[in-house]
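Chemist: any chance you could fold what I've pasted below:
(one chain, ligands or ions: 1)
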Amino acid sequence: MNTSRPAVGKYPVENDTVLEQTIARWVPESIRTLKAYHVPPADGLLKLDAMESPYELTDDMQQKWLNELGKVSVNRYPDPSCRVLKESMKKVFSIPESAGVMLGNGSDELIQIIVMLVAAPGRKILAPVPTFSMYEIISAAMGCDFIGVPLKPDFSLDTEKMLSEIRAHQPACVFLSYPNNPTGNCFDEAMIDEVIKSAPGLVVLDEAYFAFCQRSFMDKLDFYPNLVILRTMSKSGLAGLRLGMLMARPMWVEQLEKLRLPYNINILTQTSALFYLDNYRLLQSQSEQILQERVWLESKLRELTGLLVFKSNANFILVKVNDSSQFVFDQLMLEGVLIRNLHQSGTLLENCLRITVSTREQNLVFLDAFRRVLAAV
Ligand SMILES: Cc1ncc(COP(=O)(O)O)c(C=O)c1O
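Modeler: Numbers count the residues shown, from 1 in each chain. Just a heads-up that it's a prediction; the model follows:
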């Protein structure tokens, strides 16, 4: 048997061509043309790009948490049903008794499972745009057509257009981020009711930023059989754990559960989340702190010239700069601050930047840098 292989990096060029052809043969075009979700490196930078919490555990709490982790049997699979964790979540988040609950490796995974459930060639997934980009990325990856319905210039829902597109396309699923990422606003509740009533399939209310706005459709689960609510622990201090929750009528959850991999919530996440839920007041007070900081930062940003500041209900603020947002973004990077440039020319996000709200100390570092950069534009 000939076991010799050419050294890595020395394959003849033709082999890459063969590989490209093989990939083109087996990987659907809908995936080959996709762009993966981009997460930029943030080493050494003040990280204000991903709506994470800036707070870490106190030494005392850290020790208690490590004690809990020390009791875990990592040689065993975790509880696939997350029974104890779900019970705790139901209490802490006042989930109605009648609702079914499913947990995901972040709410990203839950979005993926929802789309997977209804995906079929020609199926449509609809959402107002701009919104959280994973709705479109996952829809395309699952072979569905994504219908983006532009928001009005003030970022409110264009209800008439939404309803007519729903009638025309009969989407299997409608996603509404509430508050909306990246615009930060909550859509009008009565308009959302209209959308839920007129949609032929699922309507997913993604309440990822619930901790900062306290508005929810959770109590409407009993009224609307096609309503699904998503929440995540990521924005209130536990992004690294990867834990999202889905609430819906049990009959929907029964179908969704068939697509969930059995051990998607690992044992360290289950144990850590339980520990944090037992100390939930701590996370809540951190979110309240961020909320106060958002109000403060918004007012400070409004004092700057050359900037339009959009009102936010979340832990981030969207701003539009007069000049190139790419230039401002690059200059901020040189100042050691990473935010998110959302610019897409010809769209509502033209020259828009998104800033995650942090502690007063970090917000001041950002503001100082931002002032210097804007003055230099
Ligand atoms: C609206 C929305 N939904 C879901 C997510 C994903 O959250 P998770 O970290 O739980 O996957 C995000 C993350 O930014 C988001 O903005």
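Chemist: from here on, contacts and neighbour counts on C-alpha atoms
Modeler: Will do.
Chemist: contact partners of the longest helix along the chain?
Modeler: Criterion DSSP state H: the longest helix present in the chain is helix 280-302. Residues external to helix 280-302 that are found in contact with it (CA atoms under 8 Å, 6 or more residues apart in numbering): 55, 92, 211-212, 236-237, 276, 307-309, 311, 314-317, 357-360, 363, 367.
Chemist: can you rerun that using 6 Å?
Modeler: For helix 280-302, the surrounding residues in contact (CA atoms under 6 Å, 6 or more residues apart in numbering) are V357.
Chemist: helix or strand right after that helix?
Modeler: In the C-terminal direction, the helix or strand that comes right after helix 280-302 (DSSP states H and E) is strand 307-309.
Chemist: ok, then the element right after that next one?
Modeler: Following strand 307-309 in sequence order, the next helix or strand is strand 316-321 (DSSP H and E).
Chemist: what mean pLDDT does whichever helix or strand comes after that following strand get?
Modeler: Scanning forward in sequence from strand 316-321 by DSSP H and E, the next helix or strand is helix 325-334. The predicted model gives helix 325-334 an average pLDDT of 96.
Chemist: can you state the direction angle for helix 325-334 and strand 316-321?
Modeler: Interaxial angle, helix 325-334 versus strand 316-321 (axes from the mean of the first three to the mean of the last three CA atoms, to 10 degrees): 120 degrees.
Chemist: who's in contact with helix 325-334?
Modeler: Everything outside helix 325-334 that qualifies as a contact, by CA under 6 Å, 6+ apart, is N351.
Chemist: report the buried residues of that helix.
Modeler: Of the residues in helix 325-334, those buried under the neighbour-count criterion (16 or more other CA atoms under 10 Å) are S325, Q326, V328, F329, D330, Q331, L332, M333.
Chemist: what's the answer for stretch 156-165, then?
Modeler: Per 16+ other CA under 10 Å, stretch 156-165 contains these buried residues: S156, L157, D158, T159, M162, L163, E165.
Chemist: distance to the ligand added to the residues you listed, as JSON lines?
Modeler: Below are the buried residues of stretch 156-165 laid out as JSON lines (distance: CA to the nearest ligand atom, whole Å):
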{"residue": "S156", "distance to the ligand": "16"}
{"residue": "L157", "distance to the ligand": "16"}
{"residue": "D158", "distance to the ligand": "19"}
{"residue": "T159", "distance to the ligand": "20"}
{"residue": "M162", "distance to the ligand": "19"}
{"residue": "L163", "distance to the ligand": "21"}
{"residue": "E165", "distance to the ligand": "22"}
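Chemist: nearest to K47 among the residues you listed?
Modeler: S156 (28.8 Å; CA to CA).
Chemist: wait, P179 touches N185, no?
Modeler: Yes - shown here, P179 and N185 form a contact pair, counting by CA atoms under 6 Å, at 5.1 Å.
Chemist: who has more neighbours, those two?
Modeler: Per other CA atoms under 10 Å, whichever of P179 and N185 has more neighbours is P179, with 26 against 22.
Chemist: tell me what angle the helix or strand hosting F366 forms with helix 325-334.
Modeler: For F366, the enclosing helix or strand under DSSP H and E is helix 360-376. Taking the same axes, to 10 degrees, one finds that helix 360-376 is oriented at 130 degrees with respect to helix 325-334.
Chemist: from the middle of its chain, how far away would helix 360-376 be?
Modeler: Computed by CA atoms, centre = their mean, to the nearest Å, the separation of helix 360-376 from the middle of its chain amounts to 26 Å.
Chemist: next one: the longest helix of the chain to chain centre, how far?
Modeler: Offset of helix 280-302 from its chain centre (CA atoms, centre = their mean): 19 Å.
Chemist: tell me what angle that helix forms with strand 316-321.
Modeler: 10 degrees.
Chemist: please renumber so the chain begins at 50
Modeler: Shifting the count to begin at 50 puts that one at helix 329-351.
Chemist: residue ranges with poor pLDDT in the stretch 150-299 of the chain?
Modeler: The stretch 150-299 of the chain contains no residues with pLDDT under 70.
Chemist: need the strands for it, in chain order.
Modeler: Shown for the stretch 150-299 of the chain, the strands assigned by DSSP state E, counting those that start in this stretch span residues 173-178, 194-199, 222-226, 251-255, 276-281, 293-297.
Chemist: for L152, find the nearest of those strands.
Modeler: Nearest to L152, of all the strands of the stretch 150-299 of the chain, is strand 293-297, at 4.6 Å by CA to CA.
Chemist: before we move on, the earlier item: which of the buried residues of helix 374-383 sits closest to F224?
Modeler: Taking CA to CA as the measure, F224 lies nearest S374 of the buried residues of helix 374-383, at 27.8 Å.
Chemist: before we move on, back to that, buried set for the helix holding F415?
Modeler: Under the neighbour-count criterion of 16+ other CA under 10 Å, helix 409-425 has R409, Q411, N412, F415, A418, F419, V422, L423 buried.
Chemist: grab the nearest non-local neighbour of the second one.
Modeler: Going back to what we said before, that points to Q411. Of all residues not flanking Q411 in the chain, L95 sits nearest, at 7.7 Å (CA to CA, 6 or more residues apart in numbering).
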